[in-house]
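K.L.:
The sequence isn't on hand, but the structure is:
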């Protein structure tokens, strides 16, 4: 019987330099998308997929991220006293029970693969998920939940994948497709950030993974790849040569790159427009901006 995926690694050690000066004192992962921090979207998605243990790979200056998941008894007491049950329920979703969450330090910025490897002792010999909070995915069924359901049929390693414009392949890990089965593709290999002319396909890997523990053993070798960093995609591709299959999964949903300012702004607009309490006011404002822009031309 295939083991269930109950552990997830969240690599959050990055400095968030694209968002300076905001990230001078605030970890990028708790910057708010509408009214929830980026990391809360990832946590909610993981919970929907059946994840029970949450492992954060952090670095110096991430104390506010750790505090975010702690209980706030004084605040909860005030909300309860004032009868603000709806807000109390919202707050409850941000709490983590004792033992459900762990923090590991990545002392050197040696790449995504190295960040994942830092959590090896907490993973042991179990399959695990990796989630990058920068990638926020709007979907009726959460992306990781879709992947877990597909993984129960395929086993092996699975990465979330989407088609990108050929000129964008140099920003992603790209799948070398062996067999295209629709939602799921099997891979001959993966190439990290290839030039457009060298890319084996335009099917890019984005920040959701379900991985075999053998990937951790590959990362143990600490081989440097693109950019002189230890690349997670290289360790996954190495599994193929060792007889462990790798699959790409075309998820249903819209992915926003919240690691960039433009992507963060697009996500903010999209998620706000999806909210009944915000949609009408925001749409009226956007339409007014469009009218003024057209009038000025």
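P.N.:
Good, I have the coordinates. Computed from a prediction, not measured in an experiment: that's the story for all the values here.
K.L.:
for stretch 179-187, what is the average pLDDT?
P.N.:
On average, the pLDDT along stretch 179-187 is 89.
K.L.:
Identify the residues contacting that stretch?
P.N.:
Residues external to stretch 179-187 that are found in contact with it (Cβ atoms under 8 Å, 6 or more residues apart in numbering): 150, 154, 161, 175-178, 203, 237, 240, 245-250. (Each C-beta comes from the backbone N, C-alpha and C, glycine too.)
K.L.:
Just the buried ones from those residues?
P.N.:
Among the contacts of stretch 179-187, those scoring as buried are 150, 154, 161, 175-177, 203, 237, 240, 246-250 (criterion: 16 or more other Cβ atoms under 10 Å).
K.L.:
Just the ones of those in strands?
P.N.:
Among the buried ones among the contacts of stretch 179-187, DSSP state E puts 161, 175, 176, 177, 203, 246, 247, 248, 249, 250 in strands.
K.L.:
and which of these is nearest residue 265?
P.N.:
Closest to residue 265 out of those is residue 161 (24.9 Å), distances taken as Cβ to Cβ.
K.L.:
What about the closest residue to residue 198 other than its chain neighbours, how many residues nearby?
P.N.:
Nearest residue to residue 198 in three dimensions, chain neighbours excluded: residue 191, at 7.4 Å (Cβ to Cβ, 6 or more residues apart in numbering). Number of residues near residue 191 (other Cβ atoms under 10 Å) recorded here: 22.
K.L.:
Check residue 142 too.
P.N.:
Neighbour tally, residue 142, other Cβ under 10 Å: 22.
K.L.:
can you give me phi and psi for it?
P.N.:
Backbone torsions of residue 142, given as degrees, to the nearest 10, read phi -50, psi 140.
K.L.:
One more: residue 56?
P.N.:
Per degrees, to the nearest 10, the backbone of residue 56 is at phi -100, psi 130.
K.L.:
residues touching it, list them.
P.N.:
Applying Cβ under 8 Å, 6+ apart, we find residue 56 in contact with 9, 10, 12, 62, 65, 66, 101, 102, 103, 104.
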